[in-house]
Every structure is written in structure tokens, then in C-alpha cells.
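Undergrad: Sequence first, then the predicted structure, then my questions.
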Amino acid sequence: MNDFAQGAGGASDGAARRYEEEVPGIARESRDRLVAAAPDGEDRAVEAALRPRDLGEFIGQERVRGQLDLVLKAARARGATADHVLLSGAPGLGKTTLSMIIAAEMEAPIRISSGPAIQHAGDLAAILSSLQEGEILFLDEIHRMSRPAEEMLYMAMEDFRVDVIVGKGPGATAIPLELPPFTLVGATTRAGLLPPPLRDRFGFTAHMEFYAPAELERVIHRSAGLLDVEVRPEGAAEIAGRSRGTPRIANRLLRRVRDYAQVKGDGLVTREIAATALEVYEVDGRGLDRLDRSVLNALLRLFAGGPVGLSTLAVAVGEERETVEEVAEPFLVREGLLARTPRGRVATPAAWSHMGLTPPRQRGEGSDGSLFEE
């Protein structure tokens, strides 16, 4: 973490604890999975050392980097604070890293908090009132802020002031509090949940895409250099192909392959070492892990490829309904291995092929084919 970062630990840890309390099944499953995009304790420690320090070091997201570079350079040329920035995209793509780069590029301190940690307007007022001029306020999972805090944020972003309510009922008084100019950087994995009035107050909005394998290979080579790991190009390609388009997962897999190479080999990461190591950790060539394959196996072997209801599928794999829907399904759908239809979950031809199984013969109306035609 750069020298400008302040207050990151308590807010981040608190947000993680609240998340686990709200959705314990999903949080537990995410912690246990090597291919989970959400960070664990080890990730947070390692990412601090691996984070790029400026836009020039940041790999991937070329469109976002170019646009953000213009925004920051223009603000510096005017001697003004940068416009508020909204970063959206899946976990692990670099939203927190970009927020720290914004602070570094603007030579400003950064304050880090999260939506789940701000449950009352008073929580937000305490943070805003302590900001310095030009400071960067990073709010992770901003879509999960409480509504009263959200409404207070509108005025803070637009007019750099908030009204603090003193007292209750008819005798309550609003005391205006002037704020120094600051830049809010909001991060969200669910941009659709942000109300339009909040979205409209951001001067720059960026959507971060999943990484191409070639970009992940560059990430892996950079991280390997910082971790003092020797990686052959084909070894990096093998890890990148199993990383689900996510740099955080790529770095985590690299660390596990490094361990295997040191114990079972001479420390050099080749294609064979990478493939063998990740098979040990149950991450297959397409990035699927035990949970993903359990869902596909149940869908294919027990229900002949579907359609099958989500609750039935969850019972078949011994997981909570929310875990299957929120943890396993998004990647399976993105990979084209599973489809959600009005009649239930259906395996695609690619799923049969990936699992090495032969689909049952089509039975006319009601077959898999007719479902896809719908």
C-alpha cells in the first residue's frame, strides 16, 4: 500500500465481517475456494506488495486507463481536485488498486471505507468531516450503503457540504457543515443497484472488463518478478488459462504453483509443473474447481442436462441455494457451460464436452434443443 493510504485495515476487515454475517454460506464458500475472486487475508497482505504504483505500471484495462489518465492530468493542470470516479466490475479486477493509483497520481492521501461499514448518516458525517482538502475517499461496495447515508452523500459530492441533524422530532435542527473539496472514488460489483441520483454525481464512470489470457500472462510475469519466482512463458500461459480472467485469481494460483515447484521440483515454473500443481488444487484447465464441477456433474448425470430447478440442483450438490446461484453459476454461465431458462437450469453442449460425457439423444419437444430455441 502506498504512503498516502490511511485507515484501510479496520474498515476493510469490518466490511468483510459484516458480509460474512449477512451471507455466511457464500462467504464461507468464497474463503475456501482457490478460484474465488473475493480477497482473503493472505491476498490482502500479498496484494499490498504486488500493487502497481501508477497508471504506467497498471496492466490491462487500456480504455479505462487512457480515460482516467486524461481526467487526472486535466485536474492537476487546473490545480483542482479530480472529478468523482465510479469504478464498476467484478471482484479482483483492480478497482481498489486504481483508487490508490488515483491518490498517488494526485499526490493526495486516501481514506478507505466501505458501504456495509456505513449504516447511519452519522457514520458518513464523521468520515466526511475529517477529510483534508484534496483527499481521496474510497468507498468499496458503495451500492450497499444505507439510504440515509446515501442521501447525505448527494449533497457532499455536489456542494461539498452536509446538513447535520441535531435533536429529534419537531425540535430537530439542521446545522450546515462545510467540507473541503475532495474526490470520491466509489467501487461496485453491482452498478445496477446504484440509484440514478448517485450515479449521476460521478464525473467519470468506468466499467472494468475481465482480462484476456495475454494480459494475465503479463500480470503473472510481473508478480513472479516481485515474488522472486522463475516462470517460463508456457508456465505463465498455463496459469493464465485457469485464472477466470481475474488478476487476483492469477496471483493466487501463481503462489500455489510456486509452492509446488519449490517442494516437488527445482523452483522453476514450467507448463508441466503448473498443470500438475493446479490439478492437485482441483483447478482444471478451464478454471473450474470442485464446486463448479459438482454442479455440472449433478446437472448432467442426475438430471440428464436439465431443465432442473435451482433448489433441487443445490440439494443434489449438498450446497445452499445461494451458494450455487451466487458463487458457482456466474462463471459457468459466462463460460457458456450452463444456461438459465424459465424452466430451470440447463447444461449446454460445451458442458457435456468439457466433462467428457455424451448427451442423451434428443427426445423432441421438451428436449434441450427446444429450450435453447426459446
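TA: Noted; the coordinates are in hand. Numbering: from 1, shown residues only.

Undergrad: Which residue ranges make up the domains of the chain?
TA: As recorded under automatic domain parsing, the domains making up the chain are 5-207, 213-280, 290-373.

Undergrad: the strands in this structure, which residues?
TA: Here the chain has its strands, by DSSP state E, at 5-6, 85-88, 110-114, 136-140, 161-166, 173-178, 183-188, 204-207, 338-341, 344-347.

Undergrad: on that earlier part again, need the winner for burial among the domains of the chain.
TA: Of the domains of the chain, the one with the most neighbours on average (mean count of other CB atoms under 10 Å) is domain 213-280, at a mean of 20. (Each C-beta comes from the backbone N, C-alpha and C, glycine too.)

Undergrad: Report the mean per-residue pLDDT for it.
TA: When the per-residue pLDDT values of domain 213-280 are averaged, the result is 92.

Undergrad: State the distance from A149 to G245.
TA: From A149 over to G245 the distance is 33 Å, taken as CB to CB, to the nearest Å.

Undergrad: ok, back up a step: can you flag the weakest of the domains of the chain by average pLDDT?
TA: Least confidently modelled of those is domain 5-207, at a mean of 80 by mean pLDDT.

Undergrad: chain center to it: distance?
TA: 14 Å (CA atoms, centre = their mean, to the nearest Å).

Undergrad: can you pull the contacts of I142?
TA: Residues near I142 by CB atoms under 8 Å, 6 or more residues apart in numbering: 86, 115, 186-188, 194, 198.

Undergrad: Leaving out the residues flanking it, which one is nearest to M208?
TA: G89 (3.2 Å; CB to CB, 6 or more residues apart in numbering).

Undergrad: If you could redo that for P180, that was the one I meant.
TA: Beyond its immediate neighbours in the sequence, the residue positioned closest to P180 (CB to CB, 6+ apart) is E133, lying 3.8 Å away.

Undergrad: try M145
TA: Leaving out its chain neighbours, the residue that sits closest to M145 by CB to CB, 6+ apart is G115, at 4.2 Å.

Undergrad: residue contacts, that neighbour?
TA: Under the criterion of CB under 8 Å, 6+ apart, the contact partners of G115 comprise 15, 139-145.

Undergrad: how near is it to P181?
TA: Remark: distance between G115 and P181 (CB to CB) = 23 Å.

Undergrad: One more: V164?
TA: According to CB to CB, V164 stands 19 Å off from P181.

Undergrad: would you list the strands of the chain in a markdown table and tack on distance to L72?
TA: Compiled in a markdown table, these are given as follows (distance: least, CB to CB, whole Å):
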| stretch | distance to L72 |
| --- | --- |
| strand 5-6 | 17 |
| strand 85-88 | 9 |
| strand 110-114 | 14 |
| strand 136-140 | 11 |
| strand 161-166 | 25 |
| strand 173-178 | 25 |
| strand 183-188 | 10 |
| strand 204-207 | 10 |
| strand 338-341 | 40 |
| strand 344-347 | 44 |
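
Undergrad: Quick check: phi and psi on E209?
TA: Phi and psi for E209, reported as degrees, to the nearest 10, are phi -90, psi 160.

Undergrad: S243 now?
TA: When read as degrees, to the nearest 10, the backbone of S243 gives phi -100, psi 10.

Undergrad: residue contacts, the nearest residue to it once chain neighbours are set aside?
TA: What sits nearest to S243 in space, not counting adjacent residues and going by CB to CB, 6+ apart, is A250, at 3.9 Å. Contacts for A250 were tallied using CB under 8 Å, 6+ apart; they are 211, 216, 219-220, 223, 239-240, 243.
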